[in-house]
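Engineer: Need a 3D model of the following:
(one chain, ligands or ions: 1)
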Amino acid sequence: MTASTTSLTYRLPQVRNLVTALPGPESARLAERRRSAVAGGVGSSVPVYAADADGGVIVDVDGNSLIDLGSGIAVTSVGASDPRVAEAVAAQAQHFTHTCFMVTPYEGYVAVAERLNALTPGYHDKRTVLFNSGAEAVENAIKVARLATGRDAVVAFDHAYHGRTNLTMALTAKTMPYKKNFGPFAPEVYRMPMSYPYRDAAAGLDADGKAAAARAITQIEKQIGSDAVAAVIIEPIQGEGGFIVPAPGFLPALAAWAKENGVVFIADEVQTGFARTGAWFACEDEGIVPDIITMAKGIAGGMPLSAITGRADLLDAVHAGGLGGTYGGNPVACAAALAALDTMEDLHLPARARAIGESATTRLRALADEIGVIGDVRGRGAMIAIELVHPGTSEPDADLTKAVAAKALAAGVVILTCGTYGNVIRLLPPLVIGDALLDDALTVLETALREAAA
Ligand SMILES: Cc1ncc(COP(=O)(O)O)c(CNCCCC(=O)O)c1O
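Structural biologist: Residues are numbered from 1 along each chain as shown. I've put the predicted structure just below:
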């Protein structure tokens, strides 16, 4: 454990404590109201309604205190009510909540851009643009790449996830639930084979990173032509697709090829960014310096903010007014981001993420030796995955995965799943979670895995 969490204080008791069955009566009443108010297409993986949250816990409307291993999908790394963030939000809102940076600009936006230019990989001249969602950041990164190169084609990868807008759906691999019946999708998007070491090995493919990159590059050159490619976009660790960590060498080989061929290398760090993987950005692990990096989720302590930061020559190639949007870089979200970044720095959260990861993977790998349903334990920092399979095979077991998450929830631990095959348990705890609470949550997870596998 890093010293930082021993000095952490919390507003809510950091305990797992169930006082009703889940969902409790108040959540049930809210679910009833929701049915006649909210479109059925919006899903929720947990049937309880939040009333409060702090550190590593979510308290629901019936008073149940649950351990949060999801961070609202990798967002609340500093917790869902970090006092510094809450104070910054309140202070900003008392002055102005919005003027539109494209109309009357304000310092907060510039200050966030300066922080991101300094924090992101590479010491080159950079520029930043702020938006609201990860998909919006991805859309604009592609816009910049196409304008700056004069090329149309964009390369994405198997198992990729980049968002739910039309272009980002085209970039996203999995059809259900993200794409089915929402087409037609944007043209000039091409999908290439990913480095997925666990499944590559199971399929008898060379799981070596350089070999996997060579497979993808050959396919790009034969099917598209390198001179037609505006950008390659990739998540350094794929998130929704299953927390897929490409084999060492894969990303550097792709980045080198992109550089040699005038292709913009876009690292989509919406889920991996801001200390989540044990470094400020996942690209750092293999020394990748992306031409453009997309960011969101952990950036602002839960407030909606996203960003693209990239080479100044690329971003400044865009004509005045070519980038923007009404709410992009909202001042309250910018104030939250500056506070959240201060908290991440002061609490040394990249180091904390590494400590969380070491603790979790050690325990889960030991369990994998004990029960035959764990095909792979992988990830980096506090972005950990358990891929569940039928014993003695690499056949995905999505039903078992659902059962484990349900058992964990029934015991008071919120766990998310993911994966192209729906067979990945993913751990994304708040980076401010204390060791005792994390230990309790892992014990619940281990019990759920043993019971479900029995
Ligand atoms: C790498 C990567 N790029 C882009 C995005 C999109 O970010 P938005 O803020 O959800 O638009 C994500 C969002 N991932 C969670 C999506 C959850 C869901 O919608 O079911 C991501 O992980």
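Engineer: all contacts plus neighbour counts: C-alpha atoms, from now on.
Structural biologist: OK.
Engineer: how's the protein carved up into domains?
Structural biologist: 25-81+348-453, 85-347 (the TED database).
Engineer: Pull the distance from the shortest one to the chain's centre.
Structural biologist: Right, the one you point to is domain 25-81+348-453. Relative to the chain's own centre, domain 25-81+348-453 is displaced by 14 Å; criterion: C-alpha atoms, centre = their mean, to the nearest Å.
Engineer: Kindly report the same for the last one.
Structural biologist: The chain centroid and the centroid of domain 85-347 are separated by 11 Å, computed with C-alpha atoms, centre = their mean.
Engineer: Span of it from start to end?
Structural biologist: In domain 85-347, first residue to last residue: 14 Å (C-alpha to C-alpha, to the nearest Å).
Engineer: and it, anywhere near the ligand?
Structural biologist: Yes. Under the criterion of C-alpha under 6 Å from any ligand atom, the ligand is reached by domain 85-347 at 133-135, 161-163, 235, 239-240, 268-271.
Engineer: Does G249 touch A214 like I think?
Structural biologist: No. Using C-alpha atoms under 8 Å, G249 is not in contact with A214; the gap is 10.6 Å.
Engineer: tell me the pLDDT at the closest residue to the ligand within the chain?
Structural biologist: As assessed by C-alpha to the nearest ligand atom, the ligand sits closest to G134 within the chain, at 3.3 Å. We have a pLDDT of 98 for G134.
Engineer: which residues touch it?
Structural biologist: Residues in contact with G134, defined by C-alpha atoms under 8 Å, 6 or more residues apart in numbering, are H162, G163, V270, T294, M295, A296, K297, S306, A307.
Engineer: Send over the longest helix seen in the chain as PDB, restricted to the C-alpha atoms.
Structural biologist: Counting residues, the longest helix in the chain under DSSP state H turns out to be helix 349-370. Extracted in PDB, the C-alpha atoms of helix 349-370 (Å, rounded to 0.1, in the frame of the first residue of the first chain):
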ATOM      1  CA  LEU A 349      -2.500   7.900  -7.700                       C
ATOM      2  CA  PRO A 350      -0.400   6.400 -10.500                       C
ATOM      3  CA  ALA A 351       1.600   4.600  -7.800                       C
ATOM      4  CA  ARG A 352      -1.600   3.700  -5.900                       C
ATOM      5  CA  ALA A 353      -3.000   2.200  -9.100                       C
ATOM      6  CA  ARG A 354       0.100   0.000  -9.400                       C
ATOM      7  CA  ALA A 355      -0.200  -1.100  -5.700                       C
ATOM      8  CA  ILE A 356      -3.900  -2.000  -6.300                       C
ATOM      9  CA  GLY A 357      -3.000  -3.900  -9.400                       C
ATOM     10  CA  GLU A 358      -0.200  -5.900  -7.700                       C
ATOM     11  CA  SER A 359      -2.500  -6.800  -4.800                       C
ATOM     12  CA  ALA A 360      -5.400  -7.900  -7.100                       C
ATOM     13  CA  THR A 361      -3.500  -9.800  -9.700                       C
ATOM     14  CA  THR A 362      -1.400 -11.700  -7.100                       C
ATOM     15  CA  ARG A 363      -4.600 -13.000  -5.400                       C
ATOM     16  CA  LEU A 364      -6.500 -13.600  -8.700                       C
ATOM     17  CA  ARG A 365      -3.600 -15.500 -10.300                       C
ATOM     18  CA  ALA A 366      -3.400 -17.700  -7.200                       C
ATOM     19  CA  LEU A 367      -7.100 -18.400  -7.500                       C
ATOM     20  CA  ALA A 368      -6.700 -19.200 -11.200                       C
ATOM     21  CA  ASP A 369      -4.400 -22.100 -10.200                       C
ATOM     22  CA  GLU A 370      -7.100 -23.300  -7.900                       C
END
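Engineer: following it, which helix or strand comes up?
Structural biologist: Remark: after helix 349-370, the chain's next helix or strand is strand 374-380, criterion DSSP states H and E.
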